[in-house]
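Novice: Any chance you could fold what I've pasted below:
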Amino acid sequence: MTLIPPDYLDCVVAIGFPIDDETEYVASGFFYARFLKEADGVRLYSHWLVTNRHVLENEVSGSVRLNPDRAQPARELRLELLDPNDEPLWTAHPDPEVDIAVIPLSLDTIRKAEIQLSKFVDEQALEMTEASSQGVSEGDSVFTLGFPMGLIGEQRNYVIVRQGAIARIRDALAGNSKEFLVDTTVFPGNSGGPVVTRPEFVHIEGTEAPHQAARLIGVVASSVQYEDVAISLQTGEPRVVFSENTGLAAVVPVDYVNEAIDAAVEKAG
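Specialist: Model prediction:
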């Protein structure tokens, strides 16, 4: 039984940066198609690479690891992040508290490199308004997709999927928070990866029927850390801070991806 469409697994890419003459893969991203218009019965889309703002900040260039459209080893494509005037080629969400960044994709470049281009289409996105009307709430199951700790697969990109549950979302549904929480453990490398709802077929009588399709609902921003401070008995001052992963992930709703794309389009004129 397949709960995630196979194409979803191929939407996710590993993002890396040069360290000591090698590429270290430190984050995830995914391809996203935004509807533009319909022409002669054909739906036309713009295409984007989505990740976190904090992944791209202060970087000049990087690499994206992609699978060819044939059974060949993964390829590494250079990711230019600054133009000749040192202006970013990527666009962050206008709100600095929203950890989302988007980069326009050139389909010609993808096709010439014979790269497999699977993507989430905006019709597959579950924004907070629709999520609220569908009764999405705490306890609903989700999947996180990404490349934690640089585990990218030796020959091809093989994304790591982990299952979790929404831990808190009512504040995001009400528009009072820019993130919701998922009960799943994420690590460095998961940043920028998509979060997808798990199809559900059982619900409590008198509640909304569950969502029966896997939908893109958000983007992993970070793990939620617990900090324990060791205090010196002599001085009363902090000496050591111990940080532990709580098993919670902060997730940015997909609504903000669309808003970042709007900002990028406006910036481009």
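Novice: Show me the longest helix that occurs in the chain.
Specialist: helix 255-268 (DSSP state H).
Novice: what mean pLDDT does it have?
Specialist: For helix 255-268, mean pLDDT rounds to 95.
Novice: got it, and stretch 57-70?
Specialist: Rounded mean pLDDT across stretch 57-70 is 90.
Novice: got it, and stretch 122-137?
Specialist: 94.
Novice: A helix includes residue 55, no?
Specialist: Yes: assessed by DSSP: H, G, I helix; E, B strand; the rest coil, residue 55 belongs to a helix.
Novice: Tell me if I'm right that it and residue 192 touch.
Specialist: Yes: under the criterion of CB atoms under 8 Å, residue 55 makes contact with residue 192 at 5.4 Å. Backbone N, C-alpha and C define where each C-beta goes, glycine included.
Novice: Show me where the protein has its strands.
Specialist: Taking DSSP state E, the strands of the chain run over residues 12-19, 22-39, 42-51, 61-66, 75-80, 91-92, 101-104, 120-121, 141-146, 160-168, 180-183, 194-197, 216-231, 238-253.
Novice: want to throw those strands into TSV with distance to residue 264?
Specialist: Formatted as TSV, these follow (distance: least, CB to CB, whole Å):
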stretch	distance to residue 264
strand 12-19	18
strand 22-39	10
strand 42-51	8
strand 61-66	18
strand 75-80	15
strand 91-92	4
strand 101-104	6
strand 120-121	17
strand 141-146	23
strand 160-168	29
strand 180-183	24
strand 194-197	19
strand 216-231	15
strand 238-253	16
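Novice: For the ones you listed, give me a markdown table that also has mean neighbour count.
Specialist: Listed next are the strands of the chain as a markdown table, based on neighbours: other CB atoms under 10 Å:
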| stretch | mean neighbour count |
| --- | --- |
| strand 12-19 | 21 |
| strand 22-39 | 18 |
| strand 42-51 | 18 |
| strand 61-66 | 20 |
| strand 75-80 | 14 |
| strand 91-92 | 22 |
| strand 101-104 | 22 |
| strand 120-121 | 20 |
| strand 141-146 | 23 |
| strand 160-168 | 18 |
| strand 180-183 | 24 |
| strand 194-197 | 27 |
| strand 216-231 | 18 |
| strand 238-253 | 16 |
